[in-house]
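Engineer: no FASTA, just this:
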């Protein structure tokens, strides 16, 4: 079975999660989130490509774990 990161065209299974501001969202995404006033969290591949956007940090971590991504801390 081909790993998900390869199926997605990512360089590896390494990801990081960080809070993301609305000013960083593409205009298309703002339509979906314009009435929501909660923090957003994004999962990024090691090359900086955003691969997921969720409304809860715990969900972001669970998503990465579920798909067997290797979480790395960035400071």
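Structural biologist: Everything's here; your move. Not measured: the values here are computed from a predicted model.
Engineer: Would you mark the buried spots in the longest helix anywhere in the chain?
Structural biologist: Ranked by residue count and defined by DSSP state H, the top helix of the chain is helix 57-66. Applying a neighbour-count criterion of 16 or more other C-beta atoms under 10 Å, one finds 60-61, 63-64 buried in helix 57-66. All C-beta spots, glycine's among them, are computed from the backbone N, C-alpha and C.
Engineer: for the protein, where's the lowest mean pLDDT among helices and strands?
Structural biologist: Ranking every helix and strand in the chain by mean pLDDT, DSSP states H and E puts helix 27-33 at the bottom, with a mean of 63.
Engineer: Could you list the buried residues of whichever helix or strand comes after that helix?
Structural biologist: Later in the chain than helix 27-33, the nearest helix or strand by DSSP states H and E is strand 40-45. Neighbour-count burial for strand 40-45 flags 40-45 (criterion: 16+ other C-beta under 10 Å).
Engineer: ok, these vs residue 4, which is closest?
Structural biologist: Closest to residue 4 out of the buried residues of strand 40-45 is residue 45 (11.1 Å), distances taken as C-beta to C-beta.
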